Each structure stands twice: as structure tokens, then as C-alpha cells.
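>>> Take a look and give me a structure for this.
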Amino acid sequence: MKILGLDPSLRQFGWAVRDTAAEGPLCTARGLFETSAKMEFLDRYMYLRESLRKVLQEQKPDRVGIETPSYDSLYSSGLYGLFLYCCEALKTEGFDVIFFARSEEHTSELQSRVDISY
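Okay, the predicted model is just below:
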């Protein structure tokens, strides 16, 4: 089973594919979409949505999971807009999606134990 995990961000949007049937490394593909803060919000959203659609078409995952934004700051308003554009791309490409909430404590612990950089 191919699972596409999404970590949306307006600046650096990360994605990775885990293939449970793969021989060798389970992470078979990964990438990063980047946008500049100098771009208009709508242009950023559209670029990221279309980049996501391209990955969906190329990777053809069986399942998709996406981190949902937190709702506790002005910054989260921009991420919520991106989240909606991502949901639109997933729906347009015919995918069901699993939403998962960010755990600040878990994320910090993971980053301190594992180098997750690209």
C-alpha cells in the first residue's frame, strides 16, 4: 500500500510516500514545495494546490494523510486557507483523506531524536 503523507506549509510544504510493499527503503519518494513570502497569498495557494495535484497524479497513492492546521494564531488563518486548497485538490483527484492533528510535544520529541531533514 502506498501512503502519501502531507505536511502543509505556505513556505515549505513537505510530502513523502511510504510503500509498505516496497523492497528496501519504505520511503519511496519525498519532496518539498517552496514559495516565497513575496508572492501573493492566492498565487501561493494555487501553486501549492497544483503541485500537490501533480504529486497525486505521479505517485498514485492508495491513501493520503494530511496534518490539519492549529487554530490558535493569525498564522493559522493562512494555513487554514492552504488546508482548504489541499482538500480541494484531493477531492478533485478522487482521493479520500485522513486528517491528523499536530502534536507539538510529539513533534519536538521526534525532531530531537531523529534527523528528519531532506
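>>> Could I get the full set of helices for this structure?
Secondary structure of the chain by DSSP state H: the helices cover 41-59, 74-92, 104-113.
>>> so where's the chain shaky on pLDDT?
Within the chain, the segments meeting pLDDT under 70 span 71-75, 98, 100-118.
>>> Swap in 50 and give it another go.
Within the chain, the ranges that satisfy pLDDT under 50 run 105-118.
>>> Tell me which residue of it is positioned farthest from its centroid.
Distance to the chain centre peaks in the chain at residue 23, reaching 24.4 Å (criterion: C-alpha atoms, centre = their mean).
>>> Phi first, then psi, for that residue.
Backbone torsions of residue 23, given as degrees, to the nearest 10, read phi -80, psi 130.
>>> rewinding a little: dump the helices of the chain into a markdown table; add distance to residue 17 as well.
C-beta: built from backbone N, CA, C; applies to glycine. Shown next, in a markdown table, are these (distance: least, C-beta to C-beta, whole Å):
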| stretch | distance to residue 17 |
| --- | --- |
| helix 41-59 | 5 |
| helix 74-92 | 15 |
| helix 104-113 | 19 |
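>>> CSV please, covering the ones you listed and showing distance to residue 2 and mean neighbour count.
Output for these, formatted as CSV (distance: least, C-beta to C-beta, whole Å; neighbours: other C-beta atoms under 10 Å):
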stretch, distance to residue 2, mean neighbour count
helix 41-59, 7, 16
helix 74-92, 15, 15
helix 104-113, 22, 10
